[in-house]
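In: Kindly generate the corresponding structure for this input.
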Amino acid sequence: MLCLPVAASAAPDAEISHLRGSALIAFPPAAADEIRFTVDAHARHDNPGPYPTESWGTAHLRHHFVEQDAVVWYSIKVDCMMASGDQATVTGRVVDASENAQELMDTRIGFSVADMGRRTLVGFTGVQSPYPDDSPELRMCTAPPPFFSVRQGGYSISDAMHW
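Out: Now for the predicted structure:
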């Protein structure tokens with residue numbers, strides 16, 4: 001009888017989490033404005049823990065300033081997406097922007113979602129911090145907590161990580 005050593009068990013299959021969707025955001029500082037966030041972000045988790053091994057995808061913001069009848073838009077390339085339960089955070093760098101938003105090119109933007117069934121909330125970073133001593137660079141995988149309501153549309157968080 002030939003005895004062979006037992007092969008070491010392979011690493012568990014990578015887990016992939018997703019955040020997808022599009023929604024109009026209620027923005028009380030400019031209630032008449034139309035702000036839409038669209039996102040298709042993914043993250044692979046090879047090891048337990050909240051930080052992904054790899055993140056990819058895109059996100060897009062379109063803000064129609066009703067009073068000025070102007071539209072600003074930008075697209076980001078996702079560099080981090082974290083999801084757990086009904087919440088997700090996405091960051092990425094601006095890779096394309098409307099002519100009136102070119103100063104945002106290569107800026108990191110953060111976006112967060114809490115999918116609470118009938119009430120979805122989002123949070124997002126602005127162009128600049130309201131705090132004078134704040135760093136101008138947003139760190140990867142960080143965004144403000146979700147605090148603005150979704151007016152129309154929504155997001156789907158799937159295969160979120162739990163440990």
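In: Quick check: Gly117 vs Trp73, distance?
Out: 29 Å (CB to CB, to the nearest Å). Every residue, glycine included, has its C-beta placed from N, CA and C.
In: more crowded one of those two?
Out: When Gly117 and Trp73 are compared for neighbours, Trp73 comes out ahead with 16 against 7, by other CB atoms under 10 Å.
In: any idea how far the more buried one lies from Thr120?
Out: For Trp73, the distance to Thr120 - CB to CB - is 21 Å.
In: Then Ser158?
Out: Distance check for Ser158 against Thr120: by CB to CB, it reads 15 Å.
In: between these two, which one's more packed in?
Out: Neighbour tally, Ser158 and Thr120, criterion other CB under 10 Å: the higher count belongs to Thr120, 21 against 12.
In: Make sure the more buried one is actually in contact with Gln87.
Out: No - with contact defined as CB atoms under 8 Å, Thr120 does not count as touching Gln87 (10.6 Å).
In: what touches both of these two?
Out: Val113, Ala114 (CB atoms under 8 Å, 6 or more residues apart in numbering).
In: any idea of the pLDDT on Met1?
Out: With respect to pLDDT, Met1 scores 43.
In: With Asp159 instead?
Out: At Asp159, the pLDDT recorded in the model is 82.
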